[in-house]
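Peer 1: What shape does this take:
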Amino acid sequence: MGPELHTPFGIVRDRTWMVVNAEYHFLTQRRIPRMALICPEIDGAFLLVTAPDMAPLRVPIQPDLSTAKVVQSAVWSQEISGIDCGDEAGEWFSKFLEEPGLRLIYHPPEFAGRQLVERDAKVLKIKRKMWEDKDKCAFADAAPYQLLSEDSVAELSRHMDTPVPYLHFRPSILVNGCPPNNEDHWWRFRIGTSEFRATKQRCRCTLTTVDPQTGTFGRKDVLETLKKFRSNQSAEWDEVYKFGPLLAVDLGIDKTGTCSVGDIIVHLPDE
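Peer 2: Numbers count the residues shown, from 1 in each chain. As a prediction, this is how the structure comes out:
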């Protein structure tokens, strides 16, 4: 694979499209697990979307901003603008997900993302600020980047009767060659020419129970197992995690650049 370009609000074109309802409220696999069966990929100047028993959908990745329909949506109550990708795309998603009135929206680089904020910041006991003013996000849940090691997933699988693939956790950066859960302790590091900063561990939810092969809530054992041996044990972070199960780390970016498959992770001195 070629290099990925990294920006202040994530990998270019990663988590910059979002399915919404007729009122432009965001939808996720938490409510519609069948979404897991949808496969997007970049095909030249188009986003190519495929799903079982559906004709492929092609959506331009560079819409004309002067004529585009700009709409307002929100992710976890944080407002963010997007471009409505049109009726054909809306009808495609409505048909496959069996819900009327759905739309697909796109957040182009020119819109510059949404500012990240610390939820319930007044009650947090943590000693350092999680997000910098420069940290932004597009349609991702809570961070521009999520890093996970294959070694951590393998360690989780050792506690389970049926191994779990990393796809249950949807990382934007997947690494290997480190001890299990070692990424919990990383702070600043370089991959390729991009420099990242860890902000917090990722607290997992019911989305991890969606089986990406069937599009159903078929793997309740994933979350149940995580709760048994990966729950937060730090009093400093209890207002953030609520003793929730943790796997992977959320990242901000200090220097934009490129990353390629096979790049070595270089740890940087703390500032």
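
Peer 1: Every contact and neighbour count from this point should use C-alpha atoms.
Peer 2: Will do.

Peer 1: Now do the same contact list for R15.
Peer 2: A138, F139, A140 (C-alpha atoms under 8 Å, 6 or more residues apart in numbering).

Peer 1: since we're on the last one, how many residues are nearby?
Peer 2: Read it as A140. For A140, the count of nearby residues is 18 (other C-alpha atoms under 10 Å).

Peer 1: Return the distance of it relative to A248.
Peer 2: Going from A140 to A248 by C-alpha to C-alpha, to the nearest Å gives 15 Å.

Peer 1: swap in the first one?
Peer 2: Counting by C-alpha to C-alpha, the gap from A138 to A248 is 19 Å.

Peer 1: so where's this protein shaky on pLDDT?
Peer 2: Low-confidence segments of the chain, defined by pLDDT under 70, span residues 1-2, 118-129, 232-243, 271.

Peer 1: What residue spans form the domains of it?
Peer 2: Residue ranges for the domains of the chain, per automatic domain parsing: 17-106, 121-267.

Peer 1: I'd like to know which of these is closest to L5.
Peer 2: For L5, the closest of the domains of the chain is domain 121-267, at 4.6 Å, according to C-alpha to C-alpha.

Peer 1: Distance from the closest one to the middle of the chain?
Peer 2: Taking the mean of its C-alpha atoms, domain 121-267 sits 10 Å from the chain's own mean (C-alpha atoms, centre = their mean, to the nearest Å).

Peer 1: same deal with stretch 80-95?
Peer 2: Counting by C-alpha atoms, centre = their mean, stretch 80-95 comes out at 20 Å from the chain centroid.

Peer 1: outside of it, which residues touch it?
Peer 2: Contacts with stretch 80-95, where a contact means C-alpha under 8 Å, 6+ apart, come from 19, 57, 59, 68-74, 100-108, 111, 113-114, 138.

Peer 1: Stretch 138-155: which residues count as buried?
Peer 2: 138-140, 142-154 (16 or more other C-alpha atoms under 10 Å).
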